[in-house]
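1. sharing a sequence plus its predicted fold:
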Amino acid sequence: GALRIRAGEGPVAFRFVALMLLGMTGAAIGANGVESLFFARFGPENLPYLYIVLAFVTFGLTVGAGGVLSRPDPARILVSLLAALAVLLLVARAALTLPGRWVYPVLWVVMMVAWTAQIMASWGLAGAVHDTRQAKRLFPLYGSGLILGAVAGGLVTGPLAEALGPENLLIVWAAGLGVVVLLGRSISGRRVRRSRRPARSRPITEMVRAARTVGRSPLLRPMAISLMLFAVLYFSLALVFAEAATARYPRAERLAGFLGLFMGLSNAAALAVSLLVANRVFARFGVPSMVAVLPVIYVVGFMLLAIADPFPGLVGFRFVQMVWVNGIWATGWQALFNVVPSEERAAVRAFMDGG
């Protein structure tokens, strides 16, 4: 059919769509709540220091993830990781009752780690229970569920923040992860028949091997450098956007509503671009050219900020950036990894993301 689901795949496929949709809905709600609390009560001007902390934590996470995903049957481990994330979020909510402002930066780092780990575990679980042919057909469907979850979560963040308080949005996220764990357990018993059992190796060994692969490749070397530069630009814009939004909406509940609405609308536009535009521009102009449009967007955007009304211009710049990143750039960027042999692809992706 139109969804490209073949006979016998329906039960697993629809459970995965629900897993992606509900998991990302909860993550979007919880993340917007945490960011609003951090911005309103601790200050976005402290974000650069947390970016440094987050870099080391994220690199450690990607190294560990590479080791888990290289195991013959990682599905049950990944479901256990999702359950541990739900418990971590409940602990984080309890920590908000403690005195002092120190809890907000810790909470922000926990939120970012949980967000990254949830997405990695969800896609890792999908990879563990689908073979390559199924992945090519079904993963775009799962990706659409992920984006729709971000849209839904963003749009309901404001009403929930007003009704429950931004602190309790962590409980909503944990509840969403609880449903994800139940769905994951019903799926994790399915195993993909593999031609051979991959050799076990330490995560650090995998990262060293990936670094050598990147260093030898005339394509991957500039990709690694450009990804780090893109990260600098991405977080620079995120910092300016956070400061402007906090100044405009100093109350945490209203700030959560604005961030959620922005997330919902930008992801809805990105989904439309991904479905209706991405394949056409890739075919017309080529994948590398479309990936290279992102730095042009940054140059034009920062130039316009110098002459435009700061807040509306900044919101427009951020909106275009997010739509292009999620609707076109991310897909094109991942497609460039097809030059890497399949047995090394996961470790190279983890190394690049860690960088």
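-> Cool, got the structure.
2. contacts for the helix or strand hosting Ile297?
-> Element membership for Ile297 (DSSP states H and E) is helix 293-305. Applying CB atoms under 8 Å, 6 or more residues apart in numbering, the external contacts of helix 293-305 come out as 230, 233, 237, 240, 313-314, 317, 320-321, 324-325, 328-329. All C-beta atoms are positioned from the backbone trio N, CA, C, and that covers glycine.
3. select only the buried ones of the residues you listed in ChimeraX?
-> Only the buried entries of the contacts of helix 293-305 go into this ChimeraX selection, using 16 or more other CB atoms under 10 Å:
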select :230,233,237,240,313,314,317,321,324,325,328,329
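4. dump the contacts of helix 293-305 to CSV, plus distance to Leu37, pLDDT and secondary structure.
-> Output for the contacts of helix 293-305, formatted as CSV (distance: CB to CB, whole Å; pLDDT from 0 to 100; DSSP: H, G, I helix; E, B strand; the rest coil):
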residue, distance to Leu37, pLDDT, secondary structure
Phe230, 28, 84, helix
Leu233, 26, 88, helix
Leu237, 21, 91, helix
Val240, 20, 91, helix
Gly313, 27, 88, helix
Leu314, 22, 91, helix
Phe317, 25, 94, helix
Val320, 27, 95, helix
Gln321, 24, 94, helix
Trp324, 29, 92, helix
Val325, 25, 90, helix
Ile328, 32, 88, helix
Trp329, 30, 87, helix
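5. between the contacts of helix 293-305, which is closest to Ala27?
-> Ala27 has its nearest neighbour among those in Val325, at 17.3 Å by CB to CB.
6. what's the neighbour count on the residue lying closest to that closest one once chain neighbours are set aside?
-> Leaving aside its sequence neighbours, Val325 sits nearest to Leu294 (CB to CB, 6 or more residues apart in numbering; 6.9 Å). Neighbour count for Leu294, taken as other CB atoms under 10 Å: 19.
7. which other helices and strands contact the one helix or strand Leu61 maps to?
-> Per DSSP H and E, Leu61 falls inside helix 47-69. On a contact count with 3 or more CB pairs under 8 Å, 6 or more residues apart in numbering; DSSP states H and E, helix 47-69 meets helix 75-95, helix 103-129, helix 203-216, helix 220-248, helix 342-354.
8. check which residues of the fourth one are buried.
-> So the one you mean is helix 220-248. Within helix 220-248, the residues scored as buried using 16+ other CB under 10 Å are 220, 223-224, 230, 233, 235, 237-246.
9. could you say what helices and strands the helix or strand following it packs with?
-> Once the chain leaves helix 220-248, the next helix or strand it forms, by DSSP H and E, is helix 252-276. With contacts taken as 3+ CB pairs under 8 Å, 6+ apart, helix 252-276 sits against helix 10-41, helix 132-164, helix 220-248, helix 310-324.
10. if we can go back for a sec, could you check how far the residue nearest to Val325 is from Phe282?
-> 14 Å (CB to CB, to the nearest Å).
11. pLDDT score assigned to Pro198?
-> Pro198 is assigned a pLDDT of 50 by the prediction.
12. ok, Arg345 next?
-> pLDDT, read off for Arg345, is 61.
13. what's the answer for the one 4 residues further on, then?
-> pLDDT for Arg349: 66.
14. so what pLDDT did the closest residue to Pro48 other than its chain neighbours get?
-> Distances taken as CB to CB, 6+ apart place Leu239 nearest to Pro48, at 6.7 Å, with adjacent residues excluded. Note for Leu239: predicted pLDDT of 91.
15. how many neighbours does Gly154 have?
-> So Gly154, with other CB under 10 Å, has 26 neighbours.
16. how close does it sit to Phe311?
-> 19 Å.
17. if I look at Leu265, how far off is Gly176?
-> From Leu265 to Gly176 the distance is 21 Å (CB to CB).
18. those two - which one has more neighbours?
-> The neighbour count for Leu265 versus Gly176, taken as other CB under 10 Å, is higher for Gly176 (25 against 16).
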